[in-house]
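Q: Return atomic coordinates for the entry below.
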Amino acid sequence: MKNLFLSAVVATATLASCSTVSSILQNTFPYNATVLVTSGSPANTTLSNVSPAQSINQLTGAGANVRDIRVSSATMTVPNNTSMGIFKSVQVYLSNNGSNEVLVASRDAIGDNVGSSLSLDVNTSQALDNMMKSGAVQARVVYVLKQSPTSDISLKTSIGFSSVPVTNP
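A: All right, here's what the predicted structure looks like:
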């Protein structure tokens, strides 16, 4: 009887921990990348900067336990004394160290009075499982400026990912 009770407790604890992990991984998990837009960068020219990224294994430690990883949200922010209105357009690409690049978020025709934060249009059509589970992911930010900045701008991209747990934890 003791062995049966002990087995039931262990089985319940195991299922509860799998359920907890599944619940956490069904929610979004964040990724942040920061690039520097240098003062004097030319306006009306397509420019880009690369920021190292992390794989889902580095972010959550549980990449093998999720699938159907997709972008769920994306925002860009600049310091409070700057406006995102300095940009004409922005695009964010993720890749495996420069190969298999995928457009994950963008915004065109950015208005002049948008403030220091901007929500981007996300590409939810493509699952990023292979890329995010690889060990070498990087983000490339492509942008066009309306005017040349007078000082360096730290451009921070925050991307939220959603995933579905693999049925066998």
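Q: can we go C-alpha only for contacts and neighbour counts from here?
A: OK.
Q: can you pull the contacts of residue 166?
A: Residue 166 sits next to 65, 66, 67 when contact means Cα atoms under 8 Å, 6 or more residues apart in numbering.
Q: Just send these back as JSON lines, with distance to residue 31 too.
A: Formatted as JSON lines, those follow (distance: Cα to Cα, whole Å):
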{"residue": "65", "distance to residue 31": "18"}
{"residue": "66", "distance to residue 31": "16"}
{"residue": "67", "distance to residue 31": "17"}
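Q: Among those, name the ones in strands.
A: 66, 67 (DSSP state E).
Q: mind listing the strands for the chain?
A: Using DSSP E, strands in the chain cover 29-37, 46-52, 66-77, 87-96, 99-107, 117-119, 121-122, 137-145, 153-165.
Q: Not counting its own residues, what contacts the fourth one?
A: Just to be clear, that refers to strand 87-96. 101-111, 131, 134, 136-147.
Q: circling back to that earlier point, including mean neighbour count, could the strands of the chain go into a markdown table?
A: Output for the strands of the chain, formatted as a markdown table (neighbours: other Cα atoms under 10 Å):
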| stretch | mean neighbour count |
| --- | --- |
| strand 29-37 | 18 |
| strand 46-52 | 16 |
| strand 66-77 | 21 |
| strand 87-96 | 21 |
| strand 99-107 | 18 |
| strand 117-119 | 18 |
| strand 121-122 | 18 |
| strand 137-145 | 22 |
| strand 153-165 | 19 |
